[in-house]
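# give the three-dimensional model of this entry:
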Amino acid sequence: MFDRLESIIPKEKIELLKTKKIMIIGLGGVGGYVVESLVRSGITNLIIIDKDIVDITNKNRQIIALNSTLGKSKVEVFKDRILDINKECNVEGLNIFLDINNTFDIINKYHPDYVIDACDTVTTKVEIIKACKELDIDFISSMGTGNKLDPSKLLISDIKKTHTDPLAKVMRKLLRENNIKGKVDVLWSTELPIKNNNRTPGSSSFVPSSAGILIGSYVFNKLINDDIIK
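Predicted coordinates for the structure are as follows:
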């Protein structure tokens, strides 16, 4: 299945990817496309974490949201999808919500090569970064993709370089308060959020999916770089 990929990267790199273990936290609009892009790019060992079920409101932006999956566990739906793409994958699905009480223990237990934070809860995002810093695990955290329409404004950088992104602003403050230092890779957008009077952010099919694919590409390229691989 990787013949086309082998035409642009050496086969030994693809074999190396099969030895890496990736944890994706949050299987929504962003996290779902992270999983999709990585599985289709040679990653075979995954830990996927999400407590949610597929809802009809997910259908405008989440790759697993179909009439046939409504009401089902996102973790279980994704396990089936991953194995349907590549039956050689090893998937550990955790139908749990990460918080201050369990984040470190879960990440420490599985100790993946890379952690991708695509969850929505700010306090959990901080705990994920704290745990990865303490355990010396590479990670990237997705900032806000809601209330936005332009995927061309998405970037990946150190959180210190972010601006215009309300979630990144909150995260910078919390990282300072928690005395978390050093580089923190994040995906963010230079697009100003569209004003929305609802408590729930608006969303499109374009930005979350592009964010997930951009994160997948970033992690993939870091993993095939021999200087990065631990």
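# quick one: the helices in the protein?
Ranges of helices in the chain, per DSSP state H, are 3-6, 11-17, 29-39, 74-85, 103-110, 122-135, 166-177, 206-223.
# which one is E88 nearest to, not counting chain neighbours?
Closest residue in space to E88, ignoring its immediate chain neighbours: T44 at 5.6 Å, by CB to CB, 6 or more residues apart in numbering. C-beta here means a position set from N, CA and C on the backbone, and glycine is covered the same way.
# OK, contacts around that neighbour?
Counting by CB atoms under 8 Å, 6 or more residues apart in numbering, T44 makes contact with 17-18, 86, 88-90.
# of the residues you listed - the most surrounded one?
Comparing the contacts of T44 by number of neighbours (other CB atoms under 10 Å), L17 comes first, having 23 neighbours.
# quick check: L98 touching T124?
Yes. Using CB atoms under 8 Å, L98 is in contact with T124, at 5.1 Å.
# circling back to that earlier point, and the furthest pair within the contacts of T44?
Across those, the longest distance by CB to CB is 13.0 Å; it joins L17 and N90.
# who has more neighbours, L98 and T124?
Using other CB under 10 Å, the more surrounded residue of L98 and T124 is L98, with 26 against 19.
# just list the residues touching the more buried one, thanks.
L98 touches 25, 49, 106, 119, 121, 124, 127-128, counting by CB under 8 Å, 6+ apart.
# quick check: the farthest pair among the residues you listed?
Using CB to CB, the contacts of L98 span at most 14.3 Å, a distance reached by I106 and T121.
# not counting its neighbours along the chain, what's nearest T19?
Closest residue to T19 apart from its sequence neighbours, by CB to CB, 6+ apart: N45 at 7.8 Å.
# no, scratch that, I was asking about G32
I63 (4.5 Å).
# which of the helices of the chain sits most buried?
With neighbours defined as mean count of other CB atoms under 10 Å, these peak in mean count at helix 29-39, which reaches a mean of 26.
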